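1. Predicted coordinates and the sequence they were generated for:
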Amino acid sequence: MARSRAVAGAVLAMWLFASGCTTLREVPRSEYSQLPERKGTRVQTTEGLVYEFDYVETGADSLTGYRHRSDVEGAVGETAVFRIAYDDIQTLSARRFDWYRTGLIGGTVLAGVLVAGLAGSKDSGDGGTSGGGKPPPSN
């Protein structure tokens, strides 16, 4: 029972830790072409259109976004490809590791594990003290 509880707690902690690892952050215009490829990006155009891409490749004057589409009929999905000029981009955001958020979630999980561990060790006494009273009379 204790082992299954520990495994469930570890799985829950990993799920919480993974959900806090990344966040969408805006990329400054001067850094658009700094990396040849970025994963998990969102592009908002000057026309107000918003595109979510699995990854983008950057060129000298434009970026190419790729999005896997599994909603099409057939056994194999397809990849949608969009080319957008830098002049048409209002904001470019990419997923980045967020140490602050991850630290908060990790610290909360660690505190919960410590509290549960201390509560469990307090309940599992070895019977070193008696309830008091007199010993039974011997015959």
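-> All right, it came through fine.

2. what's the longest helix in this structure?
-> Once the chain is assigned using DSSP state H, the helix that runs over the most residues is helix 99-123.

3. just checking, what packs against that one?
-> helix 2-19 (3 or more C-beta pairs under 8 Å, 6 or more residues apart in numbering; DSSP states H and E). All C-beta atoms are positioned from the backbone trio N, CA, C, and that covers glycine.

4. The helix it packs on: what's the following helix or strand?
-> Scanning forward in sequence from helix 2-19, with DSSP states H and E defining helices and strands, the next element found is strand 22-26.

5. sorry, back to before: what angle do the longest helix of the chain and strand 22-26 make?
-> In terms of direction (axes from the mean of the first three to the mean of the last three C-alpha atoms, to 10 degrees), helix 99-123 departs from strand 22-26 by 160 degrees.

6. now helix 99-123: mean pLDDT?
-> Averaged over helix 99-123, pLDDT sits at 74.

7. isn't there a helix covering Gly48?
-> No - using DSSP: H, G, I helix; E, B strand; the rest coil, the secondary structure at Gly48 is coil, not a helix.

8. Tell me the spacing between it and Thr108.
-> As defined by C-beta to C-beta, to the nearest Å, Gly48 lies at a distance of 38 Å from Thr108.

9. what does Pro36 give?
-> Look at Pro36 and Thr108: by C-beta to C-beta, they are 37 Å apart.

10. Looking at those two, which is more packed in?
-> For Pro36 and Thr108, the more surrounded residue by other C-beta atoms under 10 Å is Thr108, and the numbers stand at 13 against 9.

11. low-confidence ranges in this protein?
-> Within the chain, the ranges that satisfy pLDDT under 70 run 1-3, 13-22, 72-75, 97-99, 101-102, 122-133, 139.
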